[in-house]
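1. after the sequence you'll find the predicted model.
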Amino acid sequence: MLIGDGMSGTGSISDPYLDLRNKYVMKGVALYHPVTVERGRNAILYDVNGNEYIDFTSGIGVVNLGHANPELIEAAYDQLRKLWHTCFMVMNYRPYVELAEKLAKIAPGRSEKQVLLQNSGSEAIENAIKIARQVTGRQYIVAYENSFHGRGTYGYALAATGKYKPYKVGFEPLVPGVELIPYPYCYRCPFKQTYPQCGLACLDYVKKWFSYTRVPPDRVAAFIMEMVQGEGGFVVPPAEYVRELKKFLDENGILLIDDEVQAGWGRTGKWWAVEHYGIEPDIMATAKAIANGLPLSAIVGRKEIMERTAPGSFGGTFGGNPVSCAVALKVIEIMQRDKIPERADRLGKTVRRRLDEMKEKYSIIGDVRGLGAMQAIELVKDRNTKEPAVDETSRLLDAARKKGLLLLKAGVYLNVIRIHPPLTIEEDVLARGLDILEESLKEVQGG
């Protein structure tokens with residue numbers, strides 16, 4: 001494995017495409033790794049200089065079935081030969097309705113479902129919130145601190161994202177009618193409590209203080225919640241919190257929007273992260289891995305909700321593109337045939353075991369958490385104070401890349417390393433990647 005530093009002008013191998021990016025691409029589009037990728041094969045990426053990397057990013061949880069999956073390529077090619085675009089609002093076409101049927105059948109819960117297809121996660125969130133407001137006739141949306149619901153639009157997705165920098169810088173005023181509450185982030189409890197002795201203080205806040213001082217329940221259309229916070233650092237809420245929250249929402253006629261954009265499609269060891277909690281969301285938004293990288297997103301809701309939407313108030317020129325839909329149908333077929341969620345659960349156990357072992361060796365790891373193959377480590381300078389190890393996290397990413405492993409950071413302080421490999425990654429490749437992660441941790445900690 002030949003690994004260069006990937007930085008134009010700073011190492012033995014230059015990358016002219018980084019210079020082109022700096023010259024022609026706006027500064028507002030950030031870059032995690034100074035690498036120009038040319039091709040990929042399952043869990044391996046190759047840059048323009050021939051360097052090889054194990055991919056623990058999956059394009060931020062998108063290529064769950066691997067890079068350049070030959071079956072998906074064939075599905076796209078077959079559809080391209082027949083029809084690659086027409087607007088679904090102008091005329092009907094098979095891939096859209098076939099995918100809607102499949103999504104309705106694999107969605108969580110037993111109620112009948114209906115579907116709207118769009119292009120991106122941000123659009124899925126926007127439309128889920130639009131549905132909730134239109135159907136309930138209520139104005140307010142409640143979202144969570146430390147959440148991420150998209151930055152591709154200027155509307156509700158951005159307003160509901162619970163982190164200011166870098167997502168909201170200079171965009172005020174944001175869309176009104178969105179309130180933020182503390183997420184059940186037990187490692188950094190905003191109420192300074194310890195679970196389970198806390199008695200779910202964060203939920204008690206929602207039921208009492210928030211409802212009486214901010215927005216009464218009868219004005220709230222929906223709560224929007226990630227069942228595992230993605231950009232927030234793979235934070236997993238207590239199952240009891242989610243179940244009790246749903247009861248509270250049902251009692252007050254408030255809809256629950258489940259954001260499965262990053263956590264869905266088998267990543268957590270089940271088709272949908274919400275399945276870990278034994279509840280049925282009213283509306284679910286999903287994207288990313290739905291078509292393994294082609295632009296597509298879906299909003300799946302209970303039929304009794306979705307059929308009350310006003311005709312013509314939803315849609316889009318490219319939403320539910322035929323090629324993307326055809327690939328998504330093949331994604332579902334492969335996931336069912338190859339039992340991908342079950343494989344993700346097995347891979348996740350392997351990753352968790354290694355991360356727990358690393359925590360025993362390296363005091364820089366403050367917390368290990370996640371579900372299935374959605375695992376993360378939070379780095380701290382001191383386990384007692386939990387001071388975020390922000391610089392060390394960036395150094396870890398750099399050290400791992402130079403050794404041939406691509407990682408992602410996350411979290412409100414950007415001190416979390418998230419493990420995001422394709423769910424089809426070969427076990428020996430996964431082990432090699434985890435070895436590099438440990439070597440890099442040892443190097444950053446200094447011993």
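-> Yep, that arrived. Model, not experiment: these values are computed from the prediction.

2. please report how far the residue lying closest to Tyr93 once chain neighbours are set aside lies from Ser211.
-> Nearest residue to Tyr93 in three dimensions, chain neighbours excluded: Pro322, at 5.7 Å (Cβ to Cβ, 6 or more residues apart in numbering). For the C-beta atoms, the positions are set from N, CA and C on the backbone; glycine is no exception. From Pro322 across to Ser211, the span is 45 Å (Cβ to Cβ, to the nearest Å).

3. cool, and Ile224?
-> Ile224 is 17 Å from Ser211, by Cβ to Cβ.

4. so those two - more neighbours on which side?
-> Ranked by neighbour count (other Cβ atoms under 10 Å), Ile224 and Ser211 place Ile224 first, with 27 against 18.

5. and that one, what does it touch?
-> 125, 128-129, 141-144, 147, 149, 160, 257, 259 (Cβ atoms under 8 Å, 6 or more residues apart in numbering).

6. and which of those residues is nearest Val29?
-> Nearest to Val29 out of the contacts of Ile224 is His149 (Cβ to Cβ; 19.0 Å).

7. state the pLDDT value of the closest one.
-> pLDDT recorded at His149 is 89.

8. got it, and Tyr144?
-> Listed pLDDT for Tyr144 reads 95.

9. you'd agree it is up against Leu180?
-> Yes. Contact criterion Cβ atoms under 8 Å: Tyr144 and Leu180 qualify, at 6.6 Å.

10. surely Glu179 forms part of a strand?
-> Yes. According to DSSP: H, G, I helix; E, B strand; the rest coil, Glu179 belongs to a strand.

11. so, low pLDDT: which residues of the stretch 1-150 of the chain?
-> Residues of the stretch 1-150 of the chain that meet the criterion pLDDT under 70 lie in 1-13.

12. how about the helices in it?
-> Per DSSP state H, counting those that start in this stretch, the stretch 1-150 of the chain carries helices over the ranges 16-24, 58-61, 70-82, 94-106, 121-136.

13. let me have those helices in TSV, extended by mean neighbour count.
-> As requested, these are arranged in TSV below (neighbours: other Cβ atoms under 10 Å):
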stretch	mean neighbour count
helix 16-24	12
helix 58-61	22
helix 70-82	15
helix 94-106	17
helix 121-136	25
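
14. nearest to Leu347, of the ones you listed?
-> Smallest distance to Leu347 across these (Cβ to Cβ): 12.2 Å, for helix 58-61.

15. so how far is the closest one from its chain's centroid?
-> Here helix 58-61 is found 8 Å from its chain centre; the criterion is Cα atoms, centre = their mean, to the nearest Å.

16. in CSV, list the C-alpha atoms belonging to it.
-> C-alpha atoms of helix 58-61 as CSV (Å, rounded to 0.1, in the frame of the first residue of the first chain):
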residue,chain,number,x,y,z
SER,A,58,-18.6,5.6,3.0
GLY,A,59,-19.1,9.1,1.7
ILE,A,60,-20.7,9.9,5.1
GLY,A,61,-22.7,6.7,5.4
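
17. could I have stretch 201-214 exported to CSV, CA atoms only?
-> C-alpha atoms of stretch 201-214 as CSV (Å, rounded to 0.1, in the frame of the first residue of the first chain):
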residue,chain,number,x,y,z
ALA,A,201,-34.4,14.5,33.7
CYS,A,202,-34.2,15.5,30.0
LEU,A,203,-37.6,14.1,29.3
ASP,A,204,-39.0,15.6,32.4
TYR,A,205,-37.8,19.0,31.2
VAL,A,206,-39.8,18.5,27.9
LYS,A,207,-43.0,17.5,29.7
LYS,A,208,-42.9,20.3,32.2
TRP,A,209,-40.6,23.3,32.0
PHE,A,210,-40.4,23.5,28.2
SER,A,211,-44.1,23.0,27.6
TYR,A,212,-45.0,25.7,30.1
THR,A,213,-42.4,28.2,29.3
ARG,A,214,-41.6,27.9,25.6
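
18. flag every buried residue along that stretch.
-> By neighbour count on 16 or more other Cβ atoms under 10 Å, the buried set for stretch 201-214 is 201-203, 206-207, 210-211.

19. ok, the residue nearest to Gly264 when sequence neighbours are not counted - contacts?
-> Excluding its sequence neighbours, the residue lying closest to Gly264 (Cβ to Cβ, 6+ apart) is Thr286, at 4.6 Å. By Cβ under 8 Å, 6+ apart, the contact set of Thr286 is 124, 260-261, 264-265, 272, 297-298, 300.

20. rewinding a little: of all the helices of the stretch 1-150 of the chain, which one is nearest Arg418?
-> Nearest of the helices of the stretch 1-150 of the chain to Arg418, taken as Cβ to Cβ: helix 58-61 at 8.7 Å.

21. the closest one packs against which elements?
-> Identification of packing neighbours for helix 58-61 by 3 or more Cβ pairs under 8 Å, 6 or more residues apart in numbering; DSSP states H and E yields no helix or strand.

22. other residues contacting it?
-> 64, 230, 262, 267, 288-289, 293, 374, 408, 420-422.

23. one step back: so which of the buried residues of stretch 201-214 sit within helices?
-> In helices, defined here by DSSP state H, the members of these are 201-203, 211.

24. hmm, back to that, what touches both of Tyr144 and Leu180?
-> Gly162.

25. tell me which of those two has more neighbours.
-> Tyr144 (26 against 18).

26. ok, that one - contacts?
-> Tyr144 is in contact with 162, 180-183, 224-226, 229, counting by Cβ under 8 Å, 6+ apart.

27. how close does it get to Ala160?
-> Following Cβ to Cβ, the distance that separates Tyr144 from Ala160 is 8 Å.

28. for Lys113, same thing?
-> In terms of Cβ to Cβ, Lys113 sits 23 Å off from Ala160.

29. looking at the two, which is more packed in?
-> Between Lys113 and Ala160, counted using other Cβ under 10 Å, Ala160 has the larger neighbour count: 26 against 23.

30. list the contacts for the closest residue to the more buried one other than its chain neighbours?
-> Ranked by Cβ to Cβ, 6+ apart and with sequence neighbours excluded, the top spatial neighbour of Ala160 is Ala143, at 3.8 Å. When contacts are counted by Cβ under 8 Å, 6+ apart, Ala143 touches 149, 159-162, 178-181, 223-225.
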